[in-house]
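Trainee: Okay, predicted coordinates and the sequence, questions at the end:
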Amino acid sequence: DSGVTQTPKHLITATGQRVTLRCSPRSGDLSVYWYQQSLDQGLQFLIQYYNGEERAKGNILERFSAQQFPDLHSELNLSSLELGDSALYFCASSSTWTSGKVEQFFGPGTRLTVL
Amino acid sequence: AQSVAQPEDQVNVAEGNPLTVKCTYSVSGNPYLFWYVQYPNRGLQFLLKYITGDNLVKGSYGFEAEFNKSQTSFHLKKPSALVSDSALYFCAVRDGQGGLTGGGNKLTFGTGTQLKVEL
């Protein structure tokens, strides 16, 4: 158990809908990351937050947005869902990313199925 | 832009034999390199990392990895494979110039190598 929690574990929804994925980082970790894992795209970085502020952006669609709250939990919002958004969405956290302890610890993921 | 290549989709090895899972990388500056393992329907588990120092890095579950700067490689190894090692292995790289003034701490992952250890 990495200490990173994600809810829900599974999500089934229809095209055009909006969903919210939730992540709680390990105790004490200030950085939260979101990744998408799909068969055709592999494991791709979406976005990073550090202590409430966005720090890095990857291949995140404009229909997707995220935020990190004062208690450090994070939410990933996916809107106007398309079939191609079906994937496993991972959250990860790390304690510091300036040096040393840079490894990220991953949650169990949320499997999103868009029908 | 940083990138990682895992040239083998699958590696098969007999239990008790040594295993190697290959990884090459491309990054500006000094790389931070990582190996993660993913079991079915599970998240990624951190195995080991290289930031600086000895080229041979030891990690969890008896795994180690050898950093080779001239060949830009970071191959994962284990002297004696177990059936329970069967899983999907990912190599990842972070640009060493990341951080407060750089590009954050984003990881770029390889496509993964399925390791199958058979009796």
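Mentor: Yep, that arrived. Residues are numbered from 1 along each chain as shown, chains lettered A, B, ... in the order given.

Trainee: Low-confidence regions, chain A specifically.
Mentor: Within chain A, the segments meeting pLDDT under 70 span A:96-101.

Trainee: change it to 80
Mentor: A:96-102 (pLDDT under 80).

Trainee: so how far is residue A:85 from the closest residue to chain B within it?
Mentor: Nearest residue of chain A to chain B, counting by Cβ to the nearest Cβ: residue A:56, 2.9 Å away. Quick note: C-beta positions are derived from backbone N, CA and C, even for glycine. According to Cβ to Cβ, to the nearest Å, residue A:56 and residue A:85 sit 21 Å apart.

Trainee: Show me where the chain has its strands.
Mentor: Defaulting to chain A. A:5-7, A:10-13, A:19-24, A:31-38, A:42-50, A:53-57, A:64-68, A:74-78, A:87-94, A:105-106, A:110-114 (DSSP state E).

Trainee: hm, I was asking about chain B
Mentor: B:3-5, B:10-14, B:19-21, B:24-26, B:31-38, B:44-50, B:56-58, B:64-68, B:73-78, B:87-95, B:108-109, B:113-118.

Trainee: In CSV: those strands, plus mean pLDDT and mean neighbour count.
Mentor: Converted to CSV, the strands of chain B look like this (pLDDT from 0 to 100; neighbours: other Cβ atoms under 10 Å in any protein chain shown):
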stretch, mean pLDDT, mean neighbour count
strand B:3-5, 95, 16
strand B:10-14, 98, 14
strand B:19-21, 98, 20
strand B:24-26, 96, 17
strand B:31-38, 94, 24
strand B:44-50, 95, 21
strand B:56-58, 96, 14
strand B:64-68, 97, 18
strand B:73-78, 98, 20
strand B:87-95, 92, 24
strand B:108-109, 94, 20
strand B:113-118, 97, 17
